[in-house]
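Student: What shape does this take:
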Amino acid sequence: MPFEEISKETLLSMYKTMVKIRTYEETLGKIYYEGKTPTFDIAAGPIPGELHLSSGQESSAVGVCIHLRPDDAVVGTHRAHNFAIAKGVDLKKMTCEIFGKETGLSRGKGGHMHLFDPNVNFSCSGIVGASFPQAVGVGIASKMQGKDYVAVAVGGDGAANQGTFHESLNLAATWKLPVIFVIEDNNWAISVPKEKSTAVSQNSERAKGYGVPGVSIDGEDVIAVYEVAKEAVERARRGEGPSLVEVKVSRLRGHFEGDAQVYRPKEDFEIAMKKDPIPTFEKKLLEKDILTEVSAKKIKEDVEEEIQELIEFARNSLYPDPKEALQNVFAGGD
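Tutor: Got it, this is the predicted structure:
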């Protein structure tokens, strides 16, 4: 899709969001190691537990979410900050949740893999493949209510090998549900390369088995993602059923923070760096005079200032009272 067919406001909005996602992730990446060195202690520091960052995967989230409305739903993965930010999740509350504070989305009980913001219909889970049936449920609700809101289910290339993926795709196709299945293919299922775990080279090919349109695109080009996602969302709103969009992205960090990545060849990381979608998009915007060096610098400075304010607020917020531990949670019993 030519730049001329997309408004300047939309292009700049996409660029700003991509910069925000990257700045946010890299900032969290630095803070995460506070108190965890020299011996790595996953429970120490201001952000305890695992942390999965999405640096390098900004294009998939921005290219898809730019077409969504607040009533549309996005169900993300364990690596979901990119989609959360692109969908418009309250970033102050989200940051506090990641820091485990009472001012968080779930009062600090969910952490970074369990983010829920009903105001923009965003949720995510640490369970691989869980997003697919949940998004199908939203699609069923939309159809039964006679509405045109859609659901986006996000999964990685590893999740595409789960039974939940195939069962959900089959049901969505059978009932023509308004669901867009987005596979972020970063070529690694934790430490297992795709070619050693997946029988097909492109997960988009799997869509044919269910009579669903499937497209595989290079995530280095956010405009390509924008174009394909636009068609998929419009198709879903028209009641024509689901689509499968595979976005080939590059993971610029480990599977989780603290991952030594001994399984990953140095060449793979170098290739990932060269395919970084943000400088690629920035270069195009500069060439089209939509962005200038001065305006790009200003955007980055404003984003940095905003994120530092969020981090400061989260650091200074209180932890929840231990007495709340069993409140608002599912518990067994008679």
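
Student: Find the centremost residue of the protein, please.
Tutor: residue 83 (3.3 Å; CA atoms, centre = their mean).

Student: Which other helices and strands does the strand or helix carrying that residue contact?
Tutor: Assigned by DSSP states H and E, residue 83 belongs to helix 81-87. Here helix 81-87 touches helix 8-32, helix 58-65, strand 73-76, helix 91-98, strand 122-124, going by 3 or more CB pairs under 8 Å, 6 or more residues apart in numbering; DSSP states H and E. Where you see a C-beta, it was placed from the backbone N, CA and C, and this is true even at glycine.

Student: Enumerate every residue touching the closest residue to residue 108 other than its chain neighbours.
Tutor: Once flanking residues are discounted, residue 108 sits nearest to residue 100: 4.3 Å by CB to CB, 6 or more residues apart in numbering. Residue 100 makes contacts with 47-48, 108, 111, 319-320, as judged by CB atoms under 8 Å, 6 or more residues apart in numbering.

Student: one step back: distance-wise, check the residue nearest to the centre of the chain relative to residue 291.
Tutor: Separation of residue 83 from residue 291 (CB to CB, to the nearest Å): 24 Å.

Student: pretty sure residue 205 contacts residue 215?
Tutor: No. Between residue 205 and residue 215 there is no contact, the gap being 10.5 Å when judged by CB atoms under 8 Å.

Student: how many other residues sit next to residue 28?
Tutor: A count of neighbours around residue 28, defined by other CB atoms under 10 Å, yields 22.

Student: That should have said residue 196, apologies.
Tutor: The local packing of residue 196 (other CB under 10 Å) involves 7 other residues.

Student: need the contact list for it.
Tutor: Per CB under 8 Å, 6+ apart, neighbours of residue 196: none.

Student: What of residue 226?
Tutor: 1, 6, 14, 63, 66-67.

Student: repeat that for 6 Å
Tutor: Going by CB atoms under 6 Å, 6 or more residues apart in numbering, residue 226 touches residue 63.

Student: That one: helix or strand, and which one exactly?
Tutor: helix 222-237.

Student: how about that helix: buried residues?
Tutor: Within helix 222-237, the residues that count as buried by 16 or more other CB atoms under 10 Å are 222-230, 232-233, 235-237.

Student: do stretch 125-141 as well
Tutor: Within stretch 125-141, judged by 16+ other CB under 10 Å, the buried ones are 125-126, 128-140.

Student: Quick one: distance of that stretch to the chain centre.
Tutor: How far stretch 125-141 lies from its chain's middle: 14 Å, per CA atoms, centre = their mean, to the nearest Å.

Student: List the contacts of it.
Tutor: Counting by CB under 6 Å, 6+ apart, 73, 75, 78, 113, 151, 153-155, 159, 162, 164-165, 168, 171-172, 177-179 sit against stretch 125-141.

Student: and with 8 Å instead?
Tutor: The contact list for stretch 125-141 (CB under 8 Å, 6+ apart) reads 73, 75-78, 113-114, 121, 123-124, 149-156, 158-159, 162-165, 167-169, 171-172, 175, 177-179, 181, 242.

Student: Not counting its neighbours along the chain, what's nearest residue 222?
Tutor: Take residue 222 and drop its neighbours on the chain: the residue closest to it by CB to CB, 6+ apart is residue 59, 4.0 Å away.

Student: mind listing what the one you found touches?
Tutor: If a contact means CB under 8 Å, 6+ apart, then residue 59 has 18, 219-222, 225, 247, 249, 277, 281 as its contacts.

Student: quick one: it and residue 219, what's the gap?
Tutor: For residue 59, the distance to residue 219 equals 4 Å [CB to CB].

Student: Residue 182 now?
Tutor: For residue 182, the distance to residue 219 - CB to CB - is 11 Å.

Student: At which residues are the strands of this structure located?
Tutor: Secondary structure of the chain, counting by DSSP state E: strands at 73-76, 116-117, 122-124, 151-156, 179-185, 188-189, 192-193, 214-218, 243-248.
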